[in-house]
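J.: next one to model:
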Amino acid sequence: MSVVRSTQMLKESTRQRRRSADRCSLVSDVHASSSDGSEDMLCHETSTESALAYERLQPRIFGSTVDVLPHYVQLEIALSNRRKIMYTDVKMKDFYTDTCQVPYDVSQLRQFDYRHSHGFVRHDFIMLYDFCNGFMNFDRLSRAEKLAVMLTSYTSDASCKDIPDNLMKSTVSTDTIVNIFFRYACAVDCLITSAYYTYHLGRAHNRMVMFNAEYVPMEPMPIKGNEPGAEALFETKADHEKYKSLMPTKIRQWTNMCLPFCELHASFEEYALLKALTIWHFMFYRLTTEGRVVCQQQRDFIIQALHRRCIEQGADPAVRLGSVLLAMSYVLEQVQDLLYNYRMLTFFDVLKCDPVLVEIIRVAVAQVEKLRSLL
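T.: Sure thing, here's the model as predicted:
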């Protein structure tokens, strides 16, 4: 009997160690020093780095899972269909002929004109509002959590550091978390979507294709507008100011986002999952403990779906999954750059933006000022 009991205890101890390993947290692999978690992400992709990233994620990958791939793929297809209706002259008889992964073809693209650019407009926000509402388990973020969420933004963290927690919680709008989610979802969608469309429609022609079917020629590389004597190339000072406010960001987006993403050769499924994962990752640092459970679960499920997809494609999951995850590094960096640029454009009234865009960019500033007035 003692031998049997000892054997049973040994087996139970082994099972406990395995369960403990399965509970290892992914958070330590994506925590960063900034509120957005972008500073500690690796910037240079190699096979060794990819394999190390995969190894750190392994304990999570083989735990319990929900297959979220169909959900996020269908969400992305629905967004592509809306863009196809909005930005092309597609006939209804041709609308349901195939799965809409890229809503445009080369013949439907229009050259970007900085003089008529207004950024996101109302119908873009409507499409992305539906997209955000479709995120799995987003409805599980409770009212209490929205009240307790810490109001931070990409540049205002220091502005909030001296505000007491109880005052913060009592004055933050119940819609703050939704607004922050929407803000970053818009920025992430703008960048990753542009990179994916460029990979399919623009890379061969050295064009950066944007979410709204416009493209920016990148061969030869356009001037930034701040070169000596550049103002002589423009009819008015206003045109010059607008150009040099927009084009440097476009050039950085092409160099630091589109070109690296094209080298990734992402499938549609990887693209849809990477976009969702990046948005959830941005939100993690703005949620309470309860909200982070929801966010962490979604991040785990998405990574598990990416892992299965890598295996189905016949790739080495240690390398491929690591490469996809490391792509988040330049996405995070470019999102910060894009939001800062739009904030400057709206602050100095360089760009006549839709009021919704102005509200999304400036809402954090207004709320911080309100909090300061109450101190």
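
J.: just the CA trace of stretch 259-279, in PDB.
T.: What follows is stretch 259-279, C-alpha atoms only, in PDB (Å, rounded to 0.1, in the frame of the first residue of the first chain):
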ATOM      1  CA  LEU A 259       8.300  47.900 -46.100                       C
ATOM      2  CA  PRO A 260       8.900  45.700 -43.000                       C
ATOM      3  CA  PHE A 261       5.300  44.400 -43.200                       C
ATOM      4  CA  CYS A 262       5.700  43.500 -46.900                       C
ATOM      5  CA  GLU A 263       8.800  41.400 -45.900                       C
ATOM      6  CA  LEU A 264       6.600  39.500 -43.400                       C
ATOM      7  CA  HIS A 265       4.400  38.100 -46.300                       C
ATOM      8  CA  ALA A 266       1.400  37.900 -43.900                       C
ATOM      9  CA  SER A 267      -1.600  35.800 -44.900                       C
ATOM     10  CA  PHE A 268      -5.100  37.400 -44.500                       C
ATOM     11  CA  GLU A 269      -5.700  35.300 -41.400                       C
ATOM     12  CA  GLU A 270      -2.400  36.500 -39.800                       C
ATOM     13  CA  TYR A 271      -3.200  40.100 -40.800                       C
ATOM     14  CA  ALA A 272      -6.600  40.000 -39.100                       C
ATOM     15  CA  LEU A 273      -5.300  38.400 -36.000                       C
ATOM     16  CA  LEU A 274      -2.300  40.700 -35.700                       C
ATOM     17  CA  LYS A 275      -4.500  43.800 -36.000                       C
ATOM     18  CA  ALA A 276      -6.800  42.500 -33.200                       C
ATOM     19  CA  LEU A 277      -3.900  41.500 -31.000                       C
ATOM     20  CA  THR A 278      -2.300  44.900 -31.400                       C
ATOM     21  CA  ILE A 279      -5.500  46.700 -30.400                       C
END
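
J.: quick one: buried residues of that stretch?
T.: Neighbour-count burial for stretch 259-279 flags 259-262, 264, 266, 268-279 (criterion: 16 or more other Cβ atoms under 10 Å). For the C-beta atoms, the positions are set from N, CA and C on the backbone; glycine is no exception.

J.: now do stretch 279-299
T.: Under 16+ other Cβ under 10 Å, the buried positions of stretch 279-299 are 279-288, 291-292, 294-299.

J.: over to stretch 120-136?
T.: For stretch 120-136, by 16+ other Cβ under 10 Å, it's Phe120, Asp124, Phe125, Met127, Leu128, Phe131, Cys132, Gly134, Phe135, Met136.

J.: and which of the residues you listed is nearest Val90?
T.: In terms of Cβ to Cβ, no member of the buried residues of stretch 120-136 lies closer to Val90 than Met127, at 15.3 Å.

J.: that closest one sits in which helix or strand?
T.: In this assignment (DSSP states H and E), Met127 forms part of helix 122-133.

J.: what packs against that helix?
T.: helix 69-87, helix 176-197, helix 355-374 (3 or more Cβ pairs under 8 Å, 6 or more residues apart in numbering; DSSP states H and E).

J.: all helices of the stretch 251-375 of the chain, in order?
T.: For the stretch 251-375 of the chain, the helices defined by DSSP state H, counting those that start in this stretch occupy 259-264, 268-284, 289-312, 317-326, 328-347, 355-374.
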